[in-house]
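Participant: Sequence and predicted structure, then a few things I'm wondering about:
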Amino acid sequence: MAQLLHLMKKKAAFMMNLKQIFSVLFLFLLLGLLSTTSAHHKRKLVHIVKKGDTLSEIAENYKVRLYQIRRWNNLRHSKIRVGERLLIYKRKKSHNTKRMHRVRKGETLSSISSKYKIKVSSLMNWNKLRNSKILVGQLLRLYPVRVSLNNKKRLESVGDKLGLRGVPSALTLNSSAVIVVDQNTGKIILEKNPNAVLPIASVTKLMTALIVLEQDSELHDLISITKDDASLERYNFSRLKVGMRFTRGDLLRLALMSSENRAAHALARTYPGGKSSFISAMNVKSKLLGMESTKFTDPTGLNSGNVSSPKDLVKLVNEASMFPIIREFSTSTSMRIRMSKKLHLFKNSNSLIRKGYWDLDLSKTGFIRPSGRCLVMVANVEERKLILVLLDAQATKKREQDAENILRWVRNTSNSTGKYSFLQQSAKKFSNTSTYRSIKE
């Protein structure tokens with residue numbers, strides 16, 4: 001009897017071991033099928049590492065995750081060598097050839113949904129059907145309707161609500177409020193709603209930079225990013241993580257070049273007296289510059305209470321352009337900064353600078369929903385320095401088109417009539433010329 005029990009136990013143990021072996025084999029087989037399927041839907045690329053490349057930049061360029069590159073190439077760390085060959089797997093675009101279905105006799109929405117594995121509710125939604133009744137010969141859409149940004153109901157900016165965009169001007173422009181001024185003479189070359197008071201978004205950071213520099217704070221001082229800097233009211237994503245430390249100079253460059261909100265907030269927070277004193281200093285400075293229609297409520301521009309007019313912003317841009325460090329930082333194409341033992345690339349938020357078409361002394365972009373797309377620049381055109389202020393364009397491309405149209409218009413007018421002779425006849429002086437100072441370098 002004892003021997004029989006022993007044999008039964010051995011048989012049970014053998015069966016358990018056999019079951020485990022089959023389970024492991026099945027798992028390996030399943031993983032192999034999944035990897036084959038995955039490889040089938042991806043195309044293999046090879047990237048040869050060049051000087052200055054980092055894994056994070058390569059991942060960003062190929063729109064893949066950094067950990068994926070490390071896994072594909074069996075990398076234990078993020079160090080790479082010049083000339084090293086890295087495998088990149090990009091997902092193939094699926095081509096669904098069956099985009100429409102023509103209803104045949106005897107078919108119902110239910111049978112069509114089963115055939116294409118699509119929910120009946122989705123079919124009704126995509127084809128705007130009120131009920132499940134369909135007709136023979138009717139074409140049904142088998143994919144969701146993609147509405148372009150132009151056709152979506154856009155959240156209105158303040159300029160839209162005031163009806164400023166459609167106001168006529170000498171040049172057809174998408175921006176709601178525009179002014180172009182000869183910086184040397186202070187004469188207006190082009191204007192559209194120049195006195196309109198609108199949110200200015202990150203154009204605010206020019207005033208932030210002025211207050212920081214006029215305080216004569218040491219640019220080499222280290223500043224830590226805190227939870228206060230990370231708890232902003234909107235657009236809160238940033239690569240500047242809580243606990244990271246940067247010099248005041250690096251934060252200033254990131255605020256002006258890449259419009260980094262946490263950088264701007266950290267600069268204001270570390271001002272003597274804190275953020276509230278900093279904002280008070282911004283408003284005092286605006287009054288000293290004669291910016292009567294301007295008000296600042298925060299140092300980043302994220303708050304729509306930061307408002308100004310194109311005429312006022314000309315005075316701010318003119319003042320900011322007197323500081324070589326603001327001119328340099330705001331027109332830098334890009335910079336690399338080491339964070340968490342990795343080099344991160346930050347680019348200028350103004351694509352006109354990245355393209356290199358313009359000769360700019362100063363630049364600052366801005367965007368929040370209430371302000372639309374904003375841009376201020378000091379541009380060298382036909383041996384003149386022009387201050388351009390564009391507020392509330394509907395999109396980045398439209399803002400760029402406005403700037404390029406203005407540049408083309410100024411050049412054509414200058415060539416056909418002499419150095420702004422026609423423009424200067426109809427130009428107007430600023431009402432407060434005492435606050436307007438020309439720069440002679």
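Facilitator: Received it, and whenever you're ready, just let me know what you need.
Participant: low-confidence ranges in the chain?
Facilitator: 1-42, 91-98, 145-154, 415-441 (pLDDT under 70).
Participant: Break it into its domains for me.
Facilitator: Following automatic domain parsing, one finds the domains of the chain at 44-92, 100-141, 158-435.
Participant: any idea which of the ones you listed is most buried?
Facilitator: Most buried of the domains of the chain, by mean neighbour count (mean count of other CB atoms under 10 Å): domain 158-435, with a mean of 19. For the C-beta atoms, the positions are set from N, CA and C on the backbone; glycine is no exception.
Participant: What are the contacting residues of stretch 293-305?
Facilitator: For stretch 293-305, contacts defined as CB atoms under 8 Å, 6 or more residues apart in numbering pick out 158, 195, 197, 199-205, 207-208, 232-235, 261, 264-265, 267-268, 275, 278-279, 282-283, 286, 306-309, 311-313, 316, 366, 368, 370-371.
Participant: residues touching Thr247, list them.
Facilitator: Counting by CB under 8 Å, 6+ apart, Thr247 has contacts Leu219, His220, Asp221, Leu222, Ile223.
Participant: Show me those residues that map onto strands.
Facilitator: Secondary structure from DSSP state E places Leu222, Ile223 of the contacts of Thr247 in strands.
Participant: closest to Ser78 among the contacts of Thr247?
Facilitator: Leu222 (24.5 Å; CB to CB).
Participant: Bridged to the closest one, which residues?
Facilitator: Going by DSSP bridges, Leu222 is paired in beta bridges with Thr247.
Participant: Which residues are in contact with it?
Facilitator: Arg245, Phe246, Thr247, Arg248.
Participant: same thing with Ile211?
Facilitator: Ala268, Tyr271, Phe278, Ala281, Met282, Lys285.
Participant: which one of the residues you listed sits closest to Ser340?
Facilitator: Out of those, the member with the shortest distance to Ser340 (by CB to CB) is Ala268, at 24.6 Å.
Participant: isn't that closest one right next to Thr208, touching?
Facilitator: Yes. When contacts are counted by CB atoms under 8 Å, Ala268 is listed as touching Thr208 (6.6 Å).
Participant: Mutual contacts of the two, please.
Facilitator: In contact with both Ala268 and Thr208: Phe278, Pro299, using CB under 8 Å, 6+ apart.
Participant: Now do the strands in the stretch 1-150 of the chain.
Facilitator: Assigned by DSSP state E, counting those that start in this stretch, the strands in the stretch 1-150 of the chain fall at 42-48, 85-91, 100-102, 139-141.
Participant: Can I get the first one as CSV, trimmed to CA atoms?
Facilitator: The C-alpha atoms that make up strand 42-48 are tabulated as CSV, following Å, rounded to 0.1, in the frame of the first residue of the first chain:
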residue,chain,number,x,y,z
LYS,A,42,7.6,47.7,-38.4
ARG,A,43,10.4,48.7,-40.7
LYS,A,44,14.0,48.6,-39.7
LEU,A,45,16.2,51.7,-39.9
VAL,A,46,19.8,52.2,-39.1
HIS,A,47,21.1,55.4,-37.6
ILE,A,48,24.9,56.0,-37.6
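Participant: neighbouring contacts of whichever helix or strand Val284 is part of?
Facilitator: Using DSSP states H and E, Val284 maps to helix 274-288. The contact list for helix 274-288 (CB under 8 Å, 6+ apart) reads 207-208, 210-211, 214, 265, 267-269, 271, 294-299, 308, 312, 316.
Participant: rerun that using 10 Å as the cut-off
Facilitator: Contact with helix 274-288 is made by 204, 207-208, 210-212, 214-215, 228, 265-273, 291-299, 303, 306, 308, 312, 315-316, 319, 435, as judged by CB atoms under 10 Å, 6 or more residues apart in numbering.
Participant: sorry, back to before: next, format the strands of the stretch 1-150 of the chain as CSV and append distance to Arg336.
Facilitator: As requested, the strands of the stretch 1-150 of the chain are arranged in CSV below (distance: least, CB to CB, whole Å):
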stretch, distance to Arg336
strand 42-48, 19
strand 85-91, 20
strand 100-102, 49
strand 139-141, 47
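Participant: circling back: packing partners for the helix or strand just after the helix holding Val284?
Facilitator: Following helix 274-288 in sequence order, the next helix or strand is strand 307-308 (DSSP H and E). If you count contacts as 3 or more CB pairs under 10 Å, 6 or more residues apart in numbering; DSSP states H and E, strand 307-308 packs onto strand 198-199, helix 204-214, helix 310-320.
Participant: go again using 8 Å as the cut-off
Facilitator: strand 198-199 (3 or more CB pairs under 8 Å, 6 or more residues apart in numbering; DSSP states H and E).
Participant: how far away is Ser111 from Arg104?
Facilitator: Using CB to CB, to the nearest Å, one gets 10 Å for the distance from Ser111 to Arg104.
Participant: Please list all residues in contact with Leu391.
Facilitator: Contacts of Leu391 (CB under 8 Å, 6+ apart): 159, 175-178, 196, 198, 200, 310, 313, 371-372, 374.
Participant: In a markdown table: those residues, plus distance to Lys341.
Facilitator: Output for the contacts of Leu391, formatted as a markdown table (distance: CB to CB, whole Å):
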| residue | distance to Lys341 |
| --- | --- |
| Gly159 | 45 |
| Ser175 | 43 |
| Ser176 | 45 |
| Ala177 | 45 |
| Val178 | 45 |
| Ala196 | 48 |
| Leu198 | 43 |
| Ile200 | 37 |
| Pro310 | 45 |
| Leu313 | 41 |
| Ser371 | 37 |
| Gly372 | 39 |
| Cys374 | 36 |
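Participant: just those residues now: which is nearest Ser122?
Facilitator: Of the contacts of Leu391, the one sitting nearest to Ser122 (CB to CB) turns out to be Gly372, at 34.7 Å.
Participant: How about that closest one: which residues does it bridge to?
Facilitator: Ile368.
Participant: can I assume it is in contact with Gln394?
Facilitator: Yes. Applying CB under 8 Å as the test, Gly372 and Gln394 come out as touching, 6.4 Å apart.
Participant: quick one: Leu171 and Ser351, what's the gap?
Facilitator: Relative to Ser351, and taking CB to CB, Leu171 is found at 21 Å.
Participant: next one: Ser114
Facilitator: Noted for Ser114: a distance of 48 Å to Ser351, by CB to CB.
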